[in-house]
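*Asks:* Need the 3D shape of this:
(chains A, B, C and D)
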Protein chains: 2
Amino acid sequence: MKLTEAKQQFILNWGVLGTQWGINRTMAQIHALLLVSIEPLSADEIMAELQISRGNTNMNVRELMDWGIVEKILKPGERKEFFVAEKDIWVVAMRIIKERKRREVEPILSVLEQLKDVEADKNDKEAKQFISMISDIQKFSNQASKGIDGMVKMDEHWFTGTLLKLFK
Amino acid sequence: MKLTEAKQQFILNWGVLGTQWGINRTMAQIHALLLVSIEPLSADEIMAELQISRGNTNMNVRELMDWGIVEKILKPGERKEFFVAEKDIWVVAMRIIKERKRREVEPILSVLEQLKDVEADKNDKEAKQFISMISDIQKFSNQASKGIDGMVKMDEHWFTGTLLKLFK
DNA sequence: TAAATCTTTCAGTAAATTTTGAAAGTTCGA
DNA sequence: TCGAACTTTCAAAATTTACTGAAAGATTTA
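*Replies:* A predicted model of the protein is given here:
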């Protein structure tokens, strides 16, 4: 397989995988494109490469920056903005995990918290089982949340570690 | 808050959270409904409770069974089929994690495997960086995959453990 | 200050996904 | 073997989500 073809395949497949993850196809494709591009790309280049509109490009690039896995850079003497993806996959994964936690785990907890103060008649079996289920989900989510924090923190240490090594 | 209201809130919110996870609203709502129902429910009861069509109910219940978190049961003397949700949240979570791994991590690996045999000119920097990126993603996914397997296995032991305790 | 160059927004449109409901299929008892 | 009771399927409709492109908004240079 030729390199160009392989890159295209990668971009296409990353898009499909994205949709399965509940991320929109274009966002995943832009991310893939930036991942395989050594040079930073401008909005126009992204538009041309993926055959998408300016608006679409802008929206999804912004979203990628919100996730912290793409960065806007300015080249001296150029009016245009260019974009680069974080290339260290481990860092990318940690950012995604962190963000998904924020977006997915935390809302669960806040919903459950509200449901806890249901009128609890201690003789009502149904109420009892409901409350115990809510509390189980809470326990589980809290544990998961802590587990994720631990993972991310561990990684930050590791990252700092390697960084420090570089300066030794 | 009254119990009935709390249950409805739970079902509604579980639906919203589901969509954020890339799971369709109805499927999440049926799951929530079955979670808070002590008695098994028939298709008609689910339809009535969530105000959805028969076809929709059937499709989503089947999907939940595919995920292994809802079971079909038959009551003696009844023609209808009834459905119950696995109530142990830990078990539910493990099933979901396992299934998501199968559906999300494994496809990544198979895509990457194909991309590896790109014509690798050793002097071509671009090709080199591409291959190294693919291989990084592979390494990461494999590690994640193993990590998940470990978690699930650990849990199965724990589960077997508690089961055994019950029979001691 | 105006013009040029580039970015952002957003109403309208297109595409994808979900849902419906009626028809076809299945199962079981008489 | 028939028909009642139920489940499954699937084409069409409804809904949701994503995308376009033109217009408005920035920012820089002259």
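
*Asks:* Show me what whatever helix or strand residue A:150 lives in is packed up against.
*Replies:* Using DSSP states H and E, residue A:150 sits within helix A:125-167. Here helix A:125-167 touches helix A:89-100, helix A:106-115, helix B:3-20, helix B:25-36, helix B:89-100, going by 3 or more Cβ pairs under 8 Å, 6 or more residues apart in numbering or on different chains; DSSP states H and E. Quick note: C-beta positions are derived from backbone N, CA and C, even for glycine.

*Asks:* Identify whichever of the ones you listed lies nearest to DNA strand C.
*Replies:* Minimum separation from DNA strand C across the helices and strands packed on helix A:125-167 (Cβ to the nearest atom of the strand) falls at helix B:25-36, 3.5 Å.

*Asks:* So the next helix or strand after the closest one, near chain A or not?
*Replies:* Next helix or strand after helix B:25-36 toward the C-terminus (DSSP H and E): strand B:41-42. No. Residues of strand B:41-42 contacting chain A under Cβ under 8 Å from any Cβ of the partner chain: none, with a closest distance of 14.1 Å.

*Asks:* Which residues of chain A lie near DNA strand C?
*Replies:* Residues of chain A lying close to DNA strand C (Cβ under 7 Å from any atom of the strand) are A:19, A:42-44, A:54-55, A:58-59, A:61-62, A:78-81.

*Asks:* Just give me the residue right at the centre of chain A.
*Replies:* With distances taken as Cα atoms, centre = their mean, chain A has residue A:96 as the residue nearest its mean C-alpha position (2.9 Å).

*Asks:* Spell out which parts of chain A neighbour DNA strand D.
*Replies:* A:24-27, A:51-56, A:59-60, A:79.

*Asks:* Can you tell me which of the residues you listed comes closest to residue A:121?
*Replies:* Nearest to residue A:121 among the residues of chain A next to DNA strand D: residue A:24, at 46.0 Å, using Cβ to Cβ.

*Asks:* Ramachandran coordinates for that closest one?
*Replies:* Per-residue torsions, residue A:24: phi -70, psi 150 (degrees, to the nearest 10).

*Asks:* Report the closest residue of chain A relative to chain B.
*Replies:* Closest to chain B within chain A is residue A:22: 2.7 Å, counting by Cβ to the nearest Cβ.

*Asks:* what about that residue, how many neighbours?
*Replies:* Residues within reach of residue A:22, counting by other Cβ atoms under 10 Å in any protein chain shown, total 14.

*Asks:* Spit out the contact partners of it.
*Replies:* Applying Cβ atoms under 8 Å, 6 or more residues apart in numbering or on different chains, we find residue A:22 in contact with B:20, B:21, B:22.

*Asks:* Show me the shaky parts of chain A.
*Replies:* A:156-168 (pLDDT under 70).

*Asks:* re the thing from before, go through the helices and strands packed on helix A:125-167 and name the closest to residue A:126.
*Replies:* Proximity to residue A:126 (Cβ to Cβ) singles out helix B:3-20 among those, at 6.5 Å.

*Asks:* contacting residues around that closest one?
*Replies:* Everything outside helix B:3-20 that qualifies as a contact, by Cβ under 8 Å, 6+ apart, is A:22, A:103-104, A:107-108, A:111, A:114-115, A:118-119, A:124, A:126-127, A:130, A:134, B:1, B:24-29, B:31-33, B:36, B:50.

*Asks:* Buried ones among the residues of chain A next to DNA strand D?
*Replies:* A:24, A:25, A:26, A:27, A:56, A:60 (16 or more other Cβ atoms under 10 Å in any protein chain shown).
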